[in-house]
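Asks: A structural model of the following input is requested.
(one chain, ligands or ions: 1)
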Amino acid sequence: MSGELDRMRAELERLIAELYEGERKILVHGEGAPDARVMLVGEAPGEQETLQGRPFVGKAGKNLNEFLELAGLRREELYVTNAVKFRPTKLSAAGRIVNRPPTREEVQLFLPWLRREIELVRPGVIVTLGNVPLRALTGPKTVIGDAHGAFREVEGLRLYPMYHPASLIYNPSLREVYAQDVRRLADCLRKEENG
Ligand code: URA
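Replies: Reported below is the predicted structural model:
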């Protein structure tokens, strides 16, 4: 399906160039195995992702790799993407360009493309990282604090919501919960693989 994924990315590039004419938005597309069993969906690319053109690199990538190691997963066997495919930014009080959370409109703009990506990759499990991809796929009322660490079926998709790895930086008390969620996911994947 990688040809189809390439075509989809090219279409999305054209659409965003048209919609944001003059703004030169840089898209960071999903990457990884086109037939991956597990798809990770983050929030949106940050500065490093935009510079390198890859999702989850830099600090966020380091956090993600820790999670993968814990789960016994290798990044090459996954598909990694984001709910929003450009970096949402704002000007800080000091006049610097900094990250901001994506708006609802931005999430809605990219949602059909995320769904198409999911249809093409057809993963057995979609691990949403944080509230943004979780709500994009389940509705605005879902809360990560309640939903994390348990499989749920939504419109034919099998989701496994997890906290965003970056939330551990701001809230170290989540570490143990996070590790438990990762272990549960890893156990389940292993059991399914063995029959
Ligand atoms: N980098 C990404 O690609 N996604 C996130 O959600 C955070 C950092």
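Asks: what sits against D181?
Replies: 148-149, 162-163 (C-beta atoms under 8 Å, 6 or more residues apart in numbering). Using the backbone N, CA and C atoms, a C-beta is placed for each residue, glycine as well.
Asks: Leaving out the residues flanking it, which one is nearest to it?
Replies: In this structure, D181 finds its nearest non-sequential neighbour in G149, 3.8 Å apart by C-beta to C-beta, 6 or more residues apart in numbering.
Asks: swap in P123?
Replies: M39 (3.8 Å).
Asks: Count the neighbours of that neighbour for me.
Replies: Counted with other C-beta atoms under 10 Å, the neighbours of M39 add up to 24.
Asks: Just confirm it is within a helix.
Replies: No - applying DSSP: H, G, I helix; E, B strand; the rest coil, one finds M39 to be strand, outside a helix.
Asks: wait, doesn't V57 sit right on G42?
Replies: No - in this structure V57 lies outside contact range of G42 using C-beta atoms under 8 Å: 11.4 Å.
Asks: SS state for the residue nearest to D181?
Replies: Assigned with three-state DSSP, G149 falls in the coil class.
Asks: Isn't V98 up against G46?
Replies: No - between V98 and G46 there is no contact under C-beta under 8 Å: 9.6 Å.
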